[in-house]
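Chemist: Sequence plus the predicted model coming up.
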Amino acid sequence: MPGLMSELGLKPGVIYGDDVLKLFQYARKAGFAIPAINVTSSSTAVAALEAAKEAKAPIILQVSNGGGAFFCGKGISNDGQKASAAGAIAAAHYIRSIAPIYGVPVVLHTDHCAKKLLPWLDAMMDADEAFFKEKGIPLFSSHMIDLSEESFEENIKTTAKYLERAAPWKQWLEMEIGITGGEEDGVNNEDVDNNSLYTQPSDIWEIYSTLTKISPYVSIAAAFGNVHGVYQPGNVKLHPELLGKHQKFVAEKLQTKDEKPVFFVFHGGSGSSVDEFKTAIGHGVVKVNLDTDLQWAYLSGHRDYITKNLEYLKTQVGNPEGPTKPNKKYYDPRVWVREGEKTMKTRVVTALQDFNATGSL
Ligand SMILES: [Zn+2]
């Protein structure tokens with residue numbers, strides 16, 4: 001694969017605007033997607049960045065509403081979404097500071113924002129506006145708005161309003177249509193009717209035609225049977241080939257030879273097969289959200305370290321080597337937290353490989 005950085009002129013660190021557009025256009029054409037990693041701490045951000053560096057690939061780091069609150073600290077109230085906003089903004093500044101050192105382009109994104117969480121998005125966009133006034137760029141590369149639980153009309157209308165605000169900063173906006181099953185961040189869709197789990201091509205066209213009149217920096221998370229979280233294989237089936245039908249429908253409406261005019265996002269990637277990813281990516285998915293599998297990977301390193309070294313972790317002094325032996329080098333967080341970073345990094349490297357992104361820089 002030719003080098004993204006030399007060919008597109010992408011620079012290491014957080015990218016925005018036309019660089020994100022170029023990256024997604026390139027990925028869509030070349031047939032790869034970029035994993036979007038939910039980060040909740042400096043440690044998980046570091047694990048994801050390290051994976052991208054090792055795999056020589058771009059990466060998307062995203063902060064969810066709950067992740068922002070955790071970044072800020074769970075010991076304080078999240079009244080008015082203030083902690084979620086402050087934590088996400090702090091994460092953005094942190095990632096902006098360290099990303100260039102890793103030598104990879106990073107898309108700095110925020111995850112699902114349902115209607116009741118809009119004050120969170122408003123506060124982050126206030127920070128974008130202030131950053132833009134000072135530096136000519138938005139703080140975040142992109143945001144996500146998820147009004148898929150509201151009526152179709154309200155979803156488009158409100159999404160368009162936010163896109164109008166983001167457009168002068170060339171900020172990306174990802175929207176969701178249709179229902180992603182499962183449970184995430186307090187939104188429980190485990191019992192919805194199967195028909196609403198699959199988006200229709202005419203809906204995609206209406207969204208595409210409305211939003212791209214405002215700004216080209218738009219992607220759609222369409223439902224094709226996706227589920228947030230990992231469950232026993234159930235009655236909902238993934239149909240990533242539906243995305244191909246959407247692309248064809250939109251291309252015909254546009255009368256374009258471009259076979260993949262839409263940027264799609266794959267939500268609820270955890271637990272899906274590599275074949276399902278590859279089919280979706282072939283139909284214009286440029287971003288795949290991975291969270292649950294990475295939570296599991298991050299835990300694995302800590303769990304295995306603690307299980308293996310348990311006799312060194314029961315008291316500050318005294319272990320199988322002697323009653324006066326100190327255990328400090330075993331309980332130092334830089335040792336055991338690091339083990340989780342390593343296992344999470346390995347899982348992100350696998351995702352980059354599964355999504356054909358490895359070696360793309
Ligand atoms: Zn979603």
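Modeler: Everything's here; your move. Since we're looking at a predicted model, the values are computed, not measured.

Chemist: And the strands in the stretch 101-250 of the chain?
Modeler: All strands of the stretch 101-250 of the chain, identified by DSSP state E, counting those that start in this stretch, fall at 105-110, 142-145, 172-177, 181-184, 187-189, 218-222, 227-228.

Chemist: Tell me if the last one is near the ion.
Modeler: It refers to strand 227-228. No: Strand 227-228 does not reach the ion (CB under 5 Å from the ion); its nearest approach is 6.4 Å. (Glycine included, C-beta is placed from N, CA and C.)

Chemist: Return the distance of that strand from the chain's centre.
Modeler: Put simply, strand 227-228 sits 14 Å off its chain's centre (CA atoms, centre = their mean, to the nearest Å).

Chemist: what helices or strands is that strand leaning on?
Modeler: Helices and strands touching strand 227-228, by 3 or more CB pairs under 8 Å, 6 or more residues apart in numbering; DSSP states H and E, are strand 181-184.

Chemist: got the strands of the stretch 101-250 of the chain as JSON lines, with mean neighbour count and mean pLDDT columns?
Modeler: Shown next, in JSON lines, are the strands of the stretch 101-250 of the chain (neighbours: other CB atoms under 10 Å; pLDDT from 0 to 100):
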{"stretch": "strand 105-110", "mean neighbour count": "26", "mean pLDDT": "98"}
{"stretch": "strand 142-145", "mean neighbour count": "24", "mean pLDDT": "98"}
{"stretch": "strand 172-177", "mean neighbour count": "25", "mean pLDDT": "96"}
{"stretch": "strand 181-184", "mean neighbour count": "20", "mean pLDDT": "57"}
{"stretch": "strand 187-189", "mean neighbour count": "16", "mean pLDDT": "56"}
{"stretch": "strand 218-222", "mean neighbour count": "25", "mean pLDDT": "96"}
{"stretch": "strand 227-228", "mean neighbour count": "24", "mean pLDDT": "72"}
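
Chemist: Could you save the ones you listed as a markdown table and add columns showing distance to Ala55?
Modeler: Compiled in a markdown table, those are given as follows (distance: least, CB to CB, whole Å):
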| stretch | distance to Ala55 |
| --- | --- |
| strand 105-110 | 13 |
| strand 142-145 | 21 |
| strand 172-177 | 23 |
| strand 181-184 | 26 |
| strand 187-189 | 31 |
| strand 218-222 | 22 |
| strand 227-228 | 25 |
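
Chemist: Tell me how many other residues crowd the closest residue to the ion within the stretch 151-300 of the chain.
Modeler: As assessed by CB to the ion, the ion sits closest to His267 within the stretch 151-300 of the chain, at 3.5 Å. Using other CB atoms under 10 Å, His267 has 28 neighbouring residues.

Chemist: Cross-check the contact I'm expecting between it and Asn289.
Modeler: Yes: using CB atoms under 8 Å, His267 and Asn289 qualify as a contacting pair, with a distance of 5.0 Å.

Chemist: what residues does stretch 73-80 touch?
Modeler: Outside stretch 73-80, the residues that touch it by CB atoms under 8 Å, 6 or more residues apart in numbering are 69, 72, 83-84, 87, 119.

Chemist: So which bits of it are buried?
Modeler: Within stretch 73-80, the residues that qualify as buried are Asn78, counting by 16 or more other CB atoms under 10 Å.

Chemist: now it, how far from the centre of its chain.
Modeler: Here stretch 73-80 is found 23 Å from its chain centre; the criterion is CA atoms, centre = their mean.

Chemist: what does the stretch 251-361 of the chain put close to the ion?
Modeler: Contacts of the stretch 251-361 of the chain with the ion, taken as CB under 5 Å from the ion, map to His267.

Chemist: Apply 8 Å and report the result again.
Modeler: 267-268, 289 (CB under 8 Å from the ion).

Chemist: Please report the distance of Ala123 from Ala160.
Modeler: Ala123 is 20 Å from Ala160, where distance means CB to CB, to the nearest Å.

Chemist: With Lys253 instead?
Modeler: Separation of Lys253 from Ala160 (CB to CB): 18 Å.

Chemist: same question, Trp120
Modeler: Taking CB to CB, one finds Trp120 at 19 Å from Ala160.

Chemist: ok, now Gly301?
Modeler: Counting by CB to CB - Gly301 and Ala160 are separated by 43 Å.

Chemist: Of the two, give the one with the bigger neighbour count.
Modeler: Taking other CB under 10 Å, Gly301 and Ala160 do not tie; Gly301 has more neighbours (22 against 18).

Chemist: Correct me if wrong: that one contacts Val335.
Modeler: No: Gly301 lies out of contact with Val335 (CB under 8 Å); the separation is 11.0 Å.

Chemist: Just give the number of residues close to Gly136.
Modeler: Other residues lying near Gly136 total 8 when counted by other CB under 10 Å.

Chemist: quick one, what contacts it?
Modeler: Contacts for Gly136 (CB under 8 Å, 6+ apart) come out as none.

Chemist: How about Ala222?
Modeler: Taking CB under 8 Å, 6+ apart, we find Ala222 in contact with 177-178, 199, 204, 242-243, 246, 264.

Chemist: any low-confidence regions in the stretch 51-200 of the chain?
Modeler: Scanning the stretch 51-200 of the chain for pLDDT under 70 picks out 180-196.
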